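>>> what would the 3D arrangement of this be:
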Amino acid sequence: MADFQYKSWGRTRSPKNLAGSQGGNVDVVLVATLDAATDGYPTENQRFLHVMVLDRNDGDERAVTIYGYNHAFEKWAPLNTLGNSTAVAGVAAVVTVTDSSTALGSQTAADREMVTIEIAGIDRVAFVGVTADVLCYAACSTF
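A predicted model of the protein is given here:
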């Protein structure tokens, strides 16, 4: 008899990497033209999104804007900094990393930027920014 394996994440205490493997980075797209429900990454109905952005030593401060997709609306929109609240219009969830002036292999924890955002009700997330200038990691968790 084969062992049953769950296909969804269920309730997770430890963040699960959206890239599919621990330590993998997610794609950052150049434009915010996210038309299909297949763009971005599924959140599996998790509650929190954890994002880390690294500078690729390009000489400038860079930002990644986080977009959310809702199956009920079939629309993408920038996530709000208040998580699932829309009390502050136009304040998109953006992770900004300053220029580290250091190659990726020589950077320390102080050269990276990490945030956690509540995403209850968001079915997919996508990351928009300048792809050559940043490296982005993302994971989701229930707790």
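>>> where does pLDDT dip in the chain?
Flagging of the chain using pLDDT under 70 yields the residue ranges 1-13, 32, 37, 57-59, 81-90.
>>> all strands of it, in order?
Shown for the chain, the strands assigned by DSSP state E span residues 16-17, 41-42, 48-55, 62-70, 75-78, 94-97, 112-118, 124-128, 134-141.
>>> which outside residues touch the longest one?
Contact with strand 62-70 is made by 28, 32, 34, 37, 39-40, 49, 51, 53, 55, 75-79, 92-97, 99, 117, 119, 121-130, 133-134, 136, as judged by C-beta atoms under 8 Å, 6 or more residues apart in numbering. All C-beta spots, glycine's among them, are computed from the backbone N, C-alpha and C.
>>> what subset of these is buried?
Buried members of the contacts of strand 62-70, counted by 16 or more other C-beta atoms under 10 Å: 28, 34, 39-40, 49, 51, 53, 55, 76, 78-79, 93-95, 97, 117, 119, 122-129, 133-134, 136.
>>> show me what the spatially most central residue of the chain bridges to in the sheet.
Centroid-nearest residue in the chain: Ala138, 4.5 Å away (criterion: C-alpha atoms, centre = their mean). Beta-bridge pairing for Ala138 (DSSP bridges): Val51.
>>> repeat that for Lys75.
Lys75 has these beta-bridge partners by DSSP bridges: Asn70.
>>> swap in the one 5 residues further on?
Legend: beta-bridge partners of Asn80 under DSSP bridges are Gly83, Ala92.
>>> just checking, it touches Ala92?
Yes: if you go by C-beta atoms under 8 Å, Asn80 and Ala92 touch, sitting 7.1 Å apart.
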